[in-house]
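Q: Output the structure for:
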Amino acid sequence: MNKTLNNILNLIYPPVCGFCNQICKESLCKKCKIKIKEYEINSIRQSKNTYYDELLCIFKYENIIRDTLIKYKFQNKAYLYKTFSKIILKNEKICGFLKKYDIIIPVPISKKRKIQRGYNQSYLIAKEITKYKVLKNECNCLIKQKDTIEQSKLGKNERKTNIQGAYKIINKEKIISKNVLIIDDIYTTGNTVNECAKELKKAGAKRIGVLAIAKD
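A: Sure thing, here's the model as predicted:
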């Protein structure tokens, strides 16, 4: 029944490439796959003076990557999670990075922001990844307990203060002694993921990594 329903939905809403919007079964056409290579980073950076241990950013936050992420995050293009998930799952280096971790936690958004947007963009990608990888999606362990000003609207000095105390751990038992991977869409100053990592470390996480779609 599910397969039949999916076939019908694909006829009504055929899958498209997230970057050029052309019909494409894989959510990423061959032409755009070549085009986005220009913006790839895919380097793993060991982190010092942060609560997380290492960081992997997939792309530079420029041009086609920036435009697509803005559509995904702010223009109700939730289906783009399929394109970004496909990029992650088809990349051998990124998959090797994922294998280091036991659970994946998307950076949470506040209840108010979720009502406005309709979805958490990082959660959708995390959920798709866990369909195909051994990682568990523990989105119910870290919550955002206060509605903050969007980080993108603030200067570098204001961002750190803005995000302090914004996150809270629940279901602590799922975190203790685990290797935790935080996933976020855009990495700028790193204050958001560092604040999340701080709470996870306090809750007993063993090792913390960060996977970001793009670095600004």
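
Q: can you give me phi and psi for the closest residue to I44 other than its chain neighbours?
A: Distances taken as C-beta to C-beta, 6 or more residues apart in numbering put L56 closest to I44, at 4.9 Å, once the chain neighbours are dropped. (Each C-beta comes from the backbone N, C-alpha and C, glycine too.) Torsion angles at L56 (phi, psi; degrees, to the nearest 10) stand at phi -130, psi 120.

Q: Could you measure from L56 over to C139?
A: According to C-beta to C-beta, to the nearest Å, L56 stands 20 Å off from C139.

Q: end-to-end on stretch 52-70?
A: For stretch 52-70, the first and last residues are 26 Å from each other (C-alpha to C-alpha, to the nearest Å).

Q: so how far is that stretch off the chain centroid?
A: Stretch 52-70 sits 10 Å away from the centroid of its parent chain (C-alpha atoms, centre = their mean, to the nearest Å).

Q: which residues are contacting that stretch?
A: 18-19, 32, 35-36, 39-47, 80, 83, 87-88, 91, 94, 97, 182, 185-188, 190, 193-194, 197, 207-216 (C-beta atoms under 8 Å, 6 or more residues apart in numbering).

Q: Secondary structure element for D67, which one?
A: Secondary-structure element containing D67, defined by DSSP states H and E: helix 63-74.

Q: Give the buried residues for that helix.
A: Residues of helix 63-74 classed as buried under the neighbour-count rule (16 or more other C-beta atoms under 10 Å) are 65-66, 68-69, 72-73.

Q: quick one: buried residues of stretch 153-167?
A: Burial within stretch 153-167, assessed by neighbour count using 16+ other C-beta under 10 Å, is assigned to 154, 159-160, 162-163, 166-167.

Q: got it, and stretch 99-111?
A: Within stretch 99-111, the residues that count as buried by 16+ other C-beta under 10 Å are 101-110.

Q: which among those gets closest to Y132?
A: Minimum distance to Y132 across these is 12.0 Å, recorded for I104 (C-beta to C-beta).

Q: I'd assumed the closest one was in a helix, is it?
A: No - counting by DSSP: H, G, I helix; E, B strand; the rest coil, I104 is not found in a helix; it is strand.

Q: okay, the host helix or strand of N194 in CSV with CA atoms only?
A: With secondary structure defined by DSSP H and E, N194 is part of helix 191-202. Extracted C-alpha coordinates of helix 191-202, given in CSV (Å, rounded to 0.1, in the frame of the first residue of the first chain):
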residue,chain,number,x,y,z
ASN,A,191,28.2,29.8,19.3
THR,A,192,25.0,27.9,18.7
VAL,A,193,26.6,24.4,18.4
ASN,A,194,29.0,25.2,21.2
GLU,A,195,26.2,26.1,23.6
CYS,A,196,24.4,22.8,22.6
ALA,A,197,27.7,20.9,23.2
LYS,A,198,28.1,22.5,26.6
GLU,A,199,24.8,21.1,27.8
LEU,A,200,25.5,17.7,26.3
LYS,A,201,28.9,17.5,28.0
LYS,A,202,27.4,18.5,31.3
